[in-house]
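Trainee: Sequence first, predicted model second:
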Amino acid sequence: MTETQQDLMAFEKLTKMKESFFKEIGKVIIGQENILEHLLIALLSQGHTLLVGVPGLAKTLIIKTLSDILDLSFKRIQFTPDLMPSDITGTELIDIDNNTGQRSFRFFKGPVFANIVLADEINRTPPKTQSALLEAMQEHKVTAGGKSYDLDEPFFVLATQNPIEQEGTYPLPEAQLDRFMFNLEIEYPSNEEEISIVRGTTSSDETNLNAVITKSEISLLQELIKRVPSSDNVVEYAVKLSASTRPQSELAPDFIKKTVDWGAGPRASQYLVLGAKAKAVLDGRPSPNISDVKSLAAPILRHRVLPNFNAEADGCLLYTSPSPRDLSTSRMPSSA
């Protein structure tokens, strides 16, 4: 069987998997179809996702259910002010051989060694601990005691944060924000959806979830997405779109030069193209178009564009999380 035939079979399998995915996850999650589609796109694109929403909108439940139907290992890390980097990556402890009595250091893996890692309320821990995820998110490995340990594949970080409470929180470093493919804003459910949620969660009915795909199949589909062809005009549009957010660029419109300090980097262009490829395949199309890029622009760019004081004064906030300049004020105790 040729590589092209294998890709066609994988293409058909992915289309069927999408239908099964929404059918299974719909047993637990009511609504939020747009969020779920973006999570699927991020997984196929080997990207990570930051979920922003007020408490009670099922951010954690979405992630846990996602791991169940994708048959992936799942670990949850509750980020708190006293969390240490070793609590995430793991630590070296003295291990004693019962036969010889010889002592040696042994590395005990932390919760980051899982396929799906939930970083719950990631902005509640200091930047030193937040940065412990940087190497894992980019290189898919952890370095401890001078040794590198590979993470399980596929590796997918899903972080959550609450946009309301800013006291006692720490804005994510720009380097870490850039590692997230998407910044997804979860909104309140509609009236009909909330009625269905209340009915489902206040009854004694149990829900059985079935896995829709295996770990090895996900890795194959991730490679398939990379092989999807994209035309020059799609790539050029993605690059120009990212460049137009940079006030130093010739492509930037006047309002960007006035209201933005820093724009999106090349990683944004890469994610725009990869995401467009994944979206096209999920929609049953062999290659992406400019509309695919446009549809993914907001969640890919919103956390990479840093507005200045002019934007804040005009009430034109492009960024849903506190900016680095708010770092000192976010830690100040309340005057009350």
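Mentor: Okay, I see it.

Trainee: all contacts plus neighbour counts: C-alpha atoms, from now on.
Mentor: Fine.

Trainee: contacting residues around the top helix by length along the chain?
Mentor: Ranked by number of residues, the top helix in the chain under DSSP state H is helix 3-25. By C-alpha atoms under 8 Å, 6 or more residues apart in numbering, the list of residues contacting helix 3-25 from outside reads 65-66, 69, 209-210, 212-213, 221, 224, 281-284.

Trainee: elements contacting the helix or strand following it?
Mentor: Using DSSP states H and E, the helix or strand that follows helix 3-25 in sequence is helix 33-44. Under the contact criterion of 3 or more C-alpha pairs under 8 Å, 6 or more residues apart in numbering; DSSP states H and E, helix 33-44 touches strand 48-52, strand 180-185, helix 215-227, helix 266-282.

Trainee: neighbouring contacts of helix 33-44?
Mentor: 48-49, 156, 181-182, 184, 186, 218, 221-222, 225, 275, 278-279.

Trainee: Output those in CSV, with neighbour count, distance to Gly263 and pLDDT appended to each entry.
Mentor: CSV is the format used below for the contacts of helix 33-44 (neighbours: other C-alpha atoms under 10 Å; distance: C-alpha to C-alpha, whole Å; pLDDT from 0 to 100):
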residue, neighbour count, distance to Gly263, pLDDT
His48, 23, 20, 94
Thr49, 23, 19, 95
Phe156, 26, 25, 92
Met181, 30, 15, 95
Phe182, 30, 16, 95
Leu184, 22, 18, 93
Ile186, 16, 24, 90
Ile218, 18, 32, 89
Leu221, 20, 31, 89
Gln222, 18, 28, 91
Ile225, 24, 27, 91
Gly275, 30, 19, 96
Ala278, 29, 24, 94
Lys279, 27, 24, 94
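
Trainee: what about the stretch 201-336 of the chain, any weak spots by pLDDT?
Mentor: Flagging of the stretch 201-336 of the chain using pLDDT under 70 yields the residue ranges 315-336.

Trainee: who touches Ile69 in this structure?
Mentor: Contacts of Ile69 by C-alpha under 8 Å, 6+ apart are Phe21, Glu24, Ile25, Leu209, Asn210, Ala211, Val212, Ile213.

Trainee: Reformat the helices and strands packed on helix 33-44 as TSV; add distance to Thr129.
Mentor: As requested, these are exported to TSV (distance: least, C-alpha to C-alpha, whole Å):
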stretch	distance to Thr129
strand 48-52	17
strand 180-185	17
helix 215-227	29
helix 266-282	23
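
Trainee: Could you list the domains of the chain?
Mentor: Following the assignment in automatic domain parsing, the chain carries domains at 32-188, 228-336.

Trainee: Reformat the ones you listed as a markdown table; add distance to Arg199.
Mentor: Shown next, in a markdown table, are the domains of the chain (distance: least, C-alpha to C-alpha, whole Å):
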| stretch | distance to Arg199 |
| --- | --- |
| domain 32-188 | 15 |
| domain 228-336 | 31 |
